[in-house]
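[1] My questions concern the predicted model and sequence given below.
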Amino acid sequence: MATIPHDHIELSLENSLDHCIKCNICTAACPVSAVTDLFPGPKYVGPQAQRFRKPGQPTPDESVDYCSGCRVCNEVCPTGVRVMELNTRAKAAIVEQNGVPLRTWLLGYQYLFGKLACGPLAPLANVGARNPLLRMLVERTVKIARNAPLPTFSTYSFRSWFKKRPKQQAAPTKKKQVVYFHGCSTEYYEPRVGQAAVEVLERNGFEVILAKQGCCGLPLLSNGAFKPARSHHEYNVEQLLPYAQQGIPIVGTSTSCTLTLKEEAPELLGMHETAVRLVSENTYDIFEFLRMLHQRGELNTNFKPLNRTMPYHAPCQLRAHNLGRPALDILELVPGLQLNESNAACCGLAGSYGYKAEKYQIAMDVGAGLFEFVRASGSDTAVCDSEICRWQIAHGSGLTMRHPIEILRQAYGDE
Amino acid sequence: MRDTVVIGAGLAGLMGALALADAGHRPLLLAKGQGATHWTSGTIDVWGAADGSLREAITGLVASNPQHPYARTGFASLEAAVARFRALTEAARYPYVGSFERNVLLPTALGALRPAAFFPATMAAGDMRLPGPVLLAGFHELRDFFPPLAAANLAAQGIDARGTYLNLPPIKRKLDFNTRSFAQLFDDPAFREDVGRQLRAARGDATRIGLPAVLGLKDPLAVVGHLQQLSGAQVFEIPTLPPSMPGVRLYTIFRDALVKAGARIQIGAEVLRGAAANGKLNAVFSAAAAREQEHHASTWLLATGGIAGGGVRTDYTGAVWETALGLPLRAPTGRGEWFAPRFLNEAGHPIYQAGIATNEQLRPLDESDTVVYKNVAIAGAALAGCDPIRERCYSGMALATGWHAGQLLAGANE
Ligand code: SF4
Ligand code: SF4
């Protein structure tokens, strides 16, 4: 095999702009610039504006704030320009200049509301969160869109469920242990996703460890609030490192949390320490993990037939893992089950983007094609790996949304 | 989990994947980003230099140049590939027309004449060998498309052509335009009504009107029909600078057909290296978050393109390498040998012939003509022995070798 000379340009994320051949393929694929003129598109705000971004200089282009961070540009770029990363770092430079807006704090620390409202207070909190007057007030004051889809607080938290269940058998070897990273949404809103994940992992003979963990910090990171995002990541690395050092995989059901642990935080924040890298390299999306088991012939494929056809959307945060369609690869092993994939670039919400009053309509317009696709399927349920996308698709289409792990859990049937 | 993997999402890779899917396989297609479909015109160029019959030109080439990729497929495979390709696009209501009898001459966005063998029906009335005065029309808002300039160049070649700008019909959006935003606008009948009225007024004695190839993404044939009805002239599309809407349409047609047949397409996954043993490629590794993704398969199709497509790279030290698997290349040694004396040298520059040499079965060969991997086939511009852009065989050769390689691999798998 010929030796491959090292490409020094690719060593630097910001210098990847030098690979841009100005083909505009990204511009033609960007779901946001397709629906609004407030955003000229990835080529302009990314590699082009980047030439004018110099330390100490005023930012050349505020429209970068309208980039949703969906990474479709990175996906389609034929030369490997890291447009989304350029954009996010440019947002961070603006935040550095102007300070972190109150809204970013609220979106970034929404898990604190979860902490308060999840549990016995949930029914009351849910009524409050759906109160139109209150939402109007919030929109007026902090510009959080009053119609954006808020999830429902759960009456119990995932960790409380986990603690209460009968003690499972400890794994005979470390090889049969996994750490489950549930993320905020499973903890406060959708514990059923975590329950399904734990049960599927146990059906495959794993002992599931619930390590201490905090919010991955993505809402802060994607809004350019790099400083608080860094402390969130540092906390998680500290908690997860001991497991990573023992080679125990960290498996998550939230595609955005796992992406943040794997790549977003280390790359955007320039955190390249060994500890960060170890955690990153030991983190897996749950279906990526199950697919690896299957490749090794170790997946329990004792599935009962599920005679159903449902639409499936691969969220942009999953596609950014660059792993293909792990959930489809596994669920196609279930007899009778048929998932039809959407070709939509994005559901529109893109993390916290669609929660912002001025971006709510853009997000709905971006998602319109996807909503139409799932509605036209005739199914009452659709499947998507990412929680925020599930909320948005449910909001836009009226369908019931499920994480693919919930479907896989069904396929294992009762013990 | 998938028995065959195709690397590259240009026409060669897509056509190879289609051959595999037709044979009952469910290939996985990996690509670094969108392929050459998005940069190229969407016409099928078989052999630019052919004066008369393309059948004769290719048969002659096969006999005289046994190293050329067409010599690996033969005319029969080219013909079969084009037939399959036409059936695919026809089924998607985006038919291709043309023949192996002769090339037509289609205008470029600059008004040069470009030979092509097959082309979307939406470009058919643009054959400049046909009689009839031509009007070229465009919009100031669409950059890099200048109807008066293109028309002047056509006129200099003796063609009765005129160019004009149209007024952008009133629309909600106003800031920035590209080929995609125009294609979206043309999908809207109200927008077309306005453009059609303007075309009728501007038509004069023209019997044919050329517009940039942005006439819709959903049903371009219907858009052209509608504009013809409104303007009272024949309407044809002229390929634009990238992103090419005809190429995007083609990619979409392939994607939908492949996914329906059970294939999986993974764009954004650059193949970085392979792992082999005993002359067989066992795995490839693609770039992914945090660590590489490992893929296993029994057969592989490499269609990553040449210098222009990113399958072959060079650097200032004079190194030339194949990017995905590090396969041996046939390439001029040393930078001094890369280029011929003049920039527009008719014989072309040697470096553009850099590629992978193969045997009859399109299996890669090393310097001593030994097969490197017996379960890997090569297709498209990654192949040595041709200069596809200069020879104007880029897309024809991609279809022929992609189809042939896919069929060979499908046979090998049985
Ligand atoms: S797709 Fe990549 S190379 Fe093309 S314009 Fe966008 S960033 Fe540049
Ligand atoms: S990340 Fe998404 S919204 Fe931002 S520029 Fe890229 S494609 Fe457009």
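    All right, it came through fine. Ligands and ions are numbered 1, 2, ... in the order given.

[2] switch to C-alpha atoms for all contacts and neighbour counts from now on
    Fine.

[3] what's around residue A:101, how many residues?
    Applying other C-alpha atoms under 10 Å in any protein chain shown, we find 12 residues neighbouring residue A:101.

[4] residue contacts, it?
    residue A:95 (C-alpha atoms under 8 Å, 6 or more residues apart in numbering or on different chains).

[5] which outside residues touch stretch A:255-270?
    A:85, A:88-89, A:183, A:216-218, A:221, A:226, A:229-230, A:233, A:251-252, A:271-272, A:276-277, A:279-281, A:283-285, A:317-318, A:320-321, A:385-386, B:289-290.

[6] My guess is residue A:43 contacts residue A:21. True?
    No. Contact status for residue A:43 versus residue A:21: not in contact, 9.9 Å apart, counting by C-alpha atoms under 8 Å.

[7] and after the helix or strand hosting residue B:265, which helix or strand comes next?
    Per DSSP states H and E, residue B:265 falls inside strand B:264-267. Next helix or strand after strand B:264-267 toward the C-terminus (DSSP H and E): strand B:271-277.

[8] Give the partner strands of that following strand in its sheet and their orientations.
    Using DSSP bridges, the strands paired with strand B:271-277 are strand B:280-286 (antiparallel).

[9] Quick check: can you name the pairing partners of the helix or strand that the strand it pairs with is followed by and their directions?
    Tracing the chain C-terminally past strand B:280-286 and defining elements by DSSP H and E, one meets strand B:293-296 next. Using DSSP bridges, strand B:293-296 pairs in its sheet with strand B:280-286 (antiparallel).

[10] circling back: between residue A:43 and residue A:21, which one's more packed in?
    Neighbour count, other C-alpha under 10 Å: between residue A:43 and residue A:21, residue A:43 has more, with 24 against 14.

[11] Please report how far the more buried one lies from residue B:262.
    Using C-alpha to C-alpha, to the nearest Å, residue A:43 is found at 33 Å from residue B:262.

[12] Please apply the same query to residue A:310.
    From residue A:310 to residue B:262 the distance is 16 Å (C-alpha to C-alpha).

[13] Those two: who's more crowded?
    The neighbour count for residue A:310 versus residue B:262, taken as other C-alpha under 10 Å, is higher for residue A:310 (17 against 14).

[14] Assumed that one was part of a strand.
    Yes. The assignment for residue A:310 by DSSP: H, G, I helix; E, B strand; the rest coil puts it in a strand.

[15] nearest spatial neighbour of it, skipping sequence neighbours?
    Counting by C-alpha to C-alpha, 6 or more residues apart in numbering or on different chains, residue A:310 lies nearest to residue A:339, which is 5.0 Å off, once chain neighbours are set aside.

[16] tell me the secondary structure for the one you found?
    From three-state DSSP, the assignment for residue A:339 is strand.

[17] Now do the same contact list for the residue in the stretch 151-300 of chain B that chain A sits nearest to.
    Relative to chain A, the nearest point of the stretch 151-300 of chain B is residue B:268 (4.3 Å; C-alpha to the nearest C-alpha). Shown in contact with residue B:268 (C-alpha under 8 Å, 6+ apart): A:74-77, A:322, B:30-34.

[18] one more time with 7 Å, if that's ok
    For residue B:268, the contact set (C-alpha atoms under 7 Å, 6 or more residues apart in numbering or on different chains) comprises A:75-76, A:322, B:31-33.

[19] show me where the stretch 101-250 of chain A has strands.
    Applying DSSP state E, counting those that start in this stretch to the stretch 101-250 of chain A gives strands spanning A:177-181, A:207-209, A:250-252.

[20] tally of neighbours for residue B:165?
    If you count neighbours by other C-alpha under 10 Å, residue B:165 ends up with 17.

[21] can you confirm it is in a strand?
    Yes. Applying three-state DSSP, one finds residue B:165 inside a strand.

[22] Would you mind measuring from the residue lying closest to residue B:182 once chain neighbours are set aside to ligand 2?
    Using C-alpha to C-alpha, 6+ apart and skipping residues adjacent in sequence, the residue nearest residue B:182 is residue B:214, 5.9 Å away. Between residue B:214 and ligand 2 the computed distance is 21 Å (C-alpha to the nearest ligand atom, to the nearest Å).

[23] Could you do residue A:108 as well?
    Using C-alpha to the nearest ligand atom, residue A:108 is found at 19 Å from ligand 2.

[24] ditto for residue A:312
    For residue A:312 relative to ligand 2 (C-alpha to the nearest ligand atom), the value is 20 Å.

[25] What about that residue, how many residues nearby?
    Using other C-alpha under 10 Å: residue A:312 sits among 25 other residues.

[26] With residue B:131 instead?
    Quick note: residue B:131 (other C-alpha under 10 Å) scores 11 neighbours.

[27] again with residue A:126
    17.

[28] Could you pull up the contacting residues of it?
    Residue A:126 neighbours (C-alpha under 7 Å, 6+ apart): A:152-153.

[29] Could you pull up phi and psi at the residue nearest in space to the middle of chain A?
    Residue closest to the average C-alpha location in chain A (C-alpha atoms, centre = their mean): residue A:256, at 2.0 Å. The phi and psi values for residue A:256, taken as degrees, to the nearest 10, are phi -80, psi -40.

[30] Would you mind listing what in chain A touches ligand 2?
    A:30-32, A:41-42, A:67-73, A:84 (C-alpha under 6 Å from any ligand atom).

[31] out of those, which are buried?
    A:30-32, A:41-42, A:67-73, A:84 (16 or more other C-alpha atoms under 10 Å in any protein chain shown).

[32] Please enumerate the helices of the stretch 201-350 of chain B.
    With helices called from DSSP state H, counting those that start in this stretch, the stretch 201-350 of chain B shows them at B:220-231, B:245-260.

[33] before we move on, what about the stretch 51-200 of chain B?
    For the stretch 51-200 of chain B, the helices defined by DSSP H, counting those that start in this stretch cover B:54-64, B:69-91, B:147-156, B:179-186, B:189-202.
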